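Engineer: Sequence below, structure please.
(chains A and B)
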Number of protein chains: 2
Amino acid sequence: MTDLSFFPLAGIPLVKPGDDLGVLITESMQAAGLRLHDRDILVIAQKIVSKAENRYVRLRDVIPSPRGLELAGITGKDPRLVEVILWDTAEVIRAVPHVLIVAHHLGFICANAGVDHSNVGPEKDLVLRLPADPDGSAQRLRARLRELTGAAPAIIINDSHGRPWREGTAGVVIGLAGLAPLQDLRGQPDLFGTPLQITTVGFADQIAAAASLVMGQADEGLPAVLVRGLPYQPAEDVSAQHILRPPETDLFR
Amino acid sequence: MTDLSFFPLAGIPLVKPGDDLGVLITESMQAAGLRLHDRDILVIAQKIVSKAENRYVRLRDVIPSPRGLELAGITGKDPRLVEVILWDTAEVIRAVPHVLIVAHHLGFICANAGVDHSNVGPEKDLVLRLPADPDGSAQRLRARLRELTGAAPAIIINDSHGRPWREGTAGVVIGLAGLAPLQDLRGQPDLFGTPLQITTVGFADQIAAAASLVMGQADEGLPAVLVRGLPYQPAEDVSAQHILRPPETDLFR
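Structural biologist: Okay, here's the model as predicted:
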């Protein structure tokens, strides 16, 4: 196996609604002397996808519902922020002071339904929702990059989620295109020929976590990472939804 | 930020009880023309640490207890294997056909208490337990590398664990030395000067996940990965235990 490298794409400007991420990424790569290949993987932070897709909400335009007011009372959060969270919430998992963990309509279980208050902009009044269809966002970006460069890398849109049992967030996939999110090693023999029992590997999530290391969280502002040197099986018709365990078969719950 | 690179250390032979991992790693790096630096991070697969520490158990020497027989009946697993799992188990979390998830005495929640049947050796009768003290193993390896090379990189011992909510295993830390496992970004300002609310990052776990991508699972046999280009804060008196959420404050459970 060759070396695996993560190249942070520097020089991507602050993203505004309507910006063409394909162009911004291509320009950043050109400036760094990098040429895109089909076998590359690009990891893009959810935040710049949401910004380009104008998923902003102005809190002063939001009128909290009774449920939003109730959860705001429990959590101590701004009732208008809680209301925006509820727009994207299928089920409230946990509401306690300072913490609101929900199942997002897209199936992800995360704090605040991924609605973000930080790094959103100088206006304290703005919050940012997840992309409406992160898999679609990834597919469109992949098609756009093919148009611009002739190469169609795999695309992963990542976000940082808290986890049960273990402290600290980890990068996970919320949308993807061009690669299968899971590697199924079941039935393959191990080093000594014994069949492996269960090994479904969270391949794309591990890429998302690795890219989060490079992106940093706050002061760096490196929202796109080029991953090179990792063999993967190209795949169409993939979805981050395939990573979600159906609750009825989730033995870890 | 510079590029982040993962170098799989090729040429590490199959590890046997009593082997000196420091020597094996140093020789592999020398053969590759790589020189160890203090700012490097070495990720080592749990399996070779366990092998070097002779954590093997011969199933034919194991006499299952009534509890082992009962759980074997439920899971369909070999009662002697279940018994070895119980040696390392603080609490059985889930026992259903084919699946036994437990809280290990070390605090990790994982399938089979990390007791492994695959890649253990040509004898089908052998299983391999986790290191007795993975943090201690990491500390000793770090000290040994300092002795051999003058450089003391951070050490992470990783394993692959299943996860709630999401399919597929991800690499996680089970022992470490020389770096803090969590990055606490609380209180740092975001890009626009708004204080970040909660961002404790699972820094070392993300490194463990990234290294798992390189290690592969079965046919590659690349049990050690050199991580270069990732700034980290050196730290002593660290432990993988610091990553575990106390159950009483685990809002995700």
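Engineer: And the residue nearest the centre of chain A?
Structural biologist: Taking CA atoms, centre = their mean, the centroid of chain A lies closest to A:Asn158, which sits 2.2 Å from it.
Engineer: mind listing what that residue touches?
Structural biologist: Counting by CB atoms under 8 Å, 6 or more residues apart in numbering or on different chains, A:Asn158 makes contact with A:43-46, A:171-174, A:208, A:211-212, A:215. For glycine as for every other residue, the C-beta is placed from the backbone atoms N, C-alpha and C.
Engineer: now with 10 Å?
Structural biologist: Contact analysis of A:Asn158 by CB atoms under 10 Å, 6 or more residues apart in numbering or on different chains lists A:43-47, A:49, A:134, A:170-176, A:204-205, A:207-212, A:215, A:223, A:225, A:240.
Engineer: cool, A:Arg129 as well?
Structural biologist: A:50, A:53-57, A:84-85, A:87-88, A:104, A:113-116.
Engineer: Please list only the buried members of those.
Structural biologist: The neighbour-count criterion (16 or more other CB atoms under 10 Å in any protein chain shown) marks A:50, A:53, A:55-57, A:84-85, A:88, A:104, A:113-116 among the contacts of A:Arg129 as buried.
Engineer: Pick out whichever of the residues you listed sits closest to chain B.
Structural biologist: For the buried ones among the contacts of A:Arg129, the closest approach to chain B (CB to the nearest CB) belongs to A:Asp116, at 9.7 Å.
Engineer: okay, the closest one: pLDDT?
Structural biologist: A:Asp116 carries a pLDDT value of 90.
Engineer: Quickly list what the closest residue to it other than its chain neighbours is bridged to.
Structural biologist: In space, and not counting its chain neighbours, A:Asp116 is closest to A:Leu128: 4.7 Å by CB to CB, 6 or more residues apart in numbering or on different chains. Note on A:Leu128: beta-bridge partners by DSSP bridges are A:Tyr56, A:Asp116.
Engineer: Make sure A:Leu128 is actually in contact with A:Val57.
Structural biologist: Yes. Here A:Leu128 reaches A:Val57: they are 7.7 Å apart, a contact under CB atoms under 10 Å.
Engineer: can you list the domains in chain A?
Structural biologist: A:5-54+A:131-244, A:56-128 (automatic domain parsing).
Engineer: could you point out which element follows the longest helix along chain A?
Structural biologist: Criterion DSSP state H: the longest helix present in chain A is helix A:134-149. Moving toward the C-terminus from helix A:134-149, the next helix or strand (DSSP states H and E) is strand A:154-161.
Engineer: for the helix or strand just after that following strand, the distance to its chain's centre please.
Structural biologist: Past strand A:154-161, further along toward the C-terminus, the next helix or strand under DSSP H and E is strand A:170-177. Centre-to-centre, strand A:170-177 and its host chain are 4 Å apart (CA atoms, centre = their mean, to the nearest Å).
Engineer: and strand A:170-177, which strands flank it?
Structural biologist: Counting by DSSP bridges, strand A:170-177 is paired with strand A:154-161 (antiparallel).
Engineer: Check which residues of the strand it pairs with are buried.
Structural biologist: For strand A:154-161, a neighbour-count test (16+ other CB under 10 Å) marks A:154-161 as buried.
Engineer: from those residues, which is closest to chain B?
Structural biologist: Looking across the buried residues of strand A:154-161 and measuring by CB to the nearest CB, the closest to chain B is A:Ser160, at 7.2 Å.
Engineer: which residues pair with the closest one across the strands?
Structural biologist: Bridge pairing for A:Ser160 - DSSP bridges - gives A:Gly171.
Engineer: List phi and psi for A:Val92.
Structural biologist: Phi and psi for A:Val92, reported as degrees, to the nearest 10, are phi -80, psi 120.
Engineer: So what pairs up with it in the strands?
Structural biologist: With DSSP bridges as the rule, A:Val92 is bridged to A:Val102.
Engineer: what about it, distance to A:Ile101?
Structural biologist: Separation of A:Val92 from A:Ile101 (CB to CB, to the nearest Å): 8 Å.
Engineer: Looking at those two, which is more packed in?
Structural biologist: A:Ile101 (19 against 16; other CB atoms under 10 Å in any protein chain shown).
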